[in-house]
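Asker: return a 3D structure for these sequence lines:
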Amino acid sequence: MKPSKPPFILKKNPRSPRPERSPRFEEVQRRMASAIMRRLTPDERTQPTDSDGRATEVTAAEYIKPNDRLTSLERLEIYNRQYWFRLLDCLIDDFPGLRAVLGDGRFYPLIISYLESHPSSSPLLGDLGKNLPAFIAGRKSLTAPHTWIAGDVARLEWAQIVAFDRGGRPPLNPSLIASTPPDKLTLRLQPHITLLDLAYPVEAVVLRLLRKDRSLRNGSSNAVGEKHVPRKFARAGRISRRRTRLLVHRHENSVYFKPLTQAQFLLLEKLAAGSTLAAACDILVEAFPSTKSEDVRSWFASWQHFGFFIRR
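Answerer: Modelled structure (predicted):
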């Protein structure tokens, strides 16, 4: 008995067009991320043209569905604006001293240009401003005639972020220092420590602003678009030039700016660069012949108390 034939047979029509392939998920992610991360227009809207030159209204419709209230472009714009406002708010919160010395008229164009050149590349928002000091040095026109002050403030405030966010290592056991020959002993500073050689005493300005801003903020809001105290006037012209050396560190969950003498700074700088204790002390004595051994021992006692050193 022959098997019965099926009631119908599906045959492919060689002339029928293939169904349009939907874009891969990774491609949609890439296109949407690129659109969201683009700079807003001066009136805080999404750019009217996409990176390929086509109208954003057209390209947005290719991967975002409209709804009964918003077009594809309007839905995209919500994310575009929130992304930019969030990044701007982070830089405002992390660099209040820089904003104060420059004033809003110079600060906002600076950080917008910075974000265009250095878009966020880390899942940690605390890393957002790590390239800002170098950016200020390389784009002097954005902060002139106060580039030196702006750079010093940005370096200090970035060091403050590092001191607060970076982890710590177990401090070096004092007995190891005593039992290791100085020409064999190399010391390393804690990861949260930064040495700063500044042209201006900007730490006083930053500390005043931090105290004042803490009294103005309630600390309970982390919302995007939170209002900030206006900084209409630049304070840079009020700061007189005076070379200042600082060690920025964390102790018991608080950040401190520790002033250093030129001799102290030189010694720590050489140790941080990898010199042995003996070599660093030789350089110190050559540069400052009047340095006494008891002074150096006193410095080390204080630094060891705060746990500055770890084993290299």
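Asker: could you chop the protein up by domain?
Answerer: Using automatic domain parsing, the domain ranges for the chain come out as 25-93, 111-215+238-311.
Asker: what average pLDDT does the first one get?
Answerer: Averaging pLDDT along domain 25-93 yields 90.
Asker: now that domain, how far from the chain's geometric center?
Answerer: Relative to its parent chain, domain 25-93 has a centroid offset of 23 Å by C-alpha atoms, centre = their mean, to the nearest Å.
Asker: straight-line length of that domain, end to end?
Answerer: 35 Å (C-alpha to C-alpha, to the nearest Å).
Asker: restrict the one helix or strand Ile283 maps to to CA atoms and write it as CSV.
Answerer: For Ile283, the element it lies in under DSSP states H and E is helix 277-287. Backbone C-alpha positions of helix 277-287 (Å, rounded to 0.1, in the frame of the first residue of the first chain) are rendered in CSV as follows:
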residue,chain,number,x,y,z
LEU,A,277,66.1,54.2,51.3
ALA,A,278,69.9,54.7,51.2
ALA,A,279,69.8,56.2,47.7
ALA,A,280,66.9,58.5,48.5
CYS,A,281,68.6,59.8,51.7
ASP,A,282,71.8,60.4,49.8
ILE,A,283,69.9,62.6,47.3
LEU,A,284,68.2,64.4,50.2
VAL,A,285,71.5,65.2,51.9
GLU,A,286,73.0,66.4,48.6
ALA,A,287,70.1,68.7,47.9
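Asker: what does it contact?
Answerer: 177, 181-183, 185-187, 263, 266-267, 270-271, 275, 291, 296 (C-beta atoms under 8 Å, 6 or more residues apart in numbering). Backbone N, C-alpha and C define where each C-beta goes, glycine included.
Asker: out of those, which one has the lowest pLDDT?
Answerer: Ile177 (77).
Asker: and that one, that's in a strand?
Answerer: No - assessed with DSSP: H, G, I helix; E, B strand; the rest coil, Ile177 is helix; it does not lie in a strand.
Asker: could we number from 618 for the rest of this?
Answerer: In the new numbering, first residue 618, that becomes Ile794.
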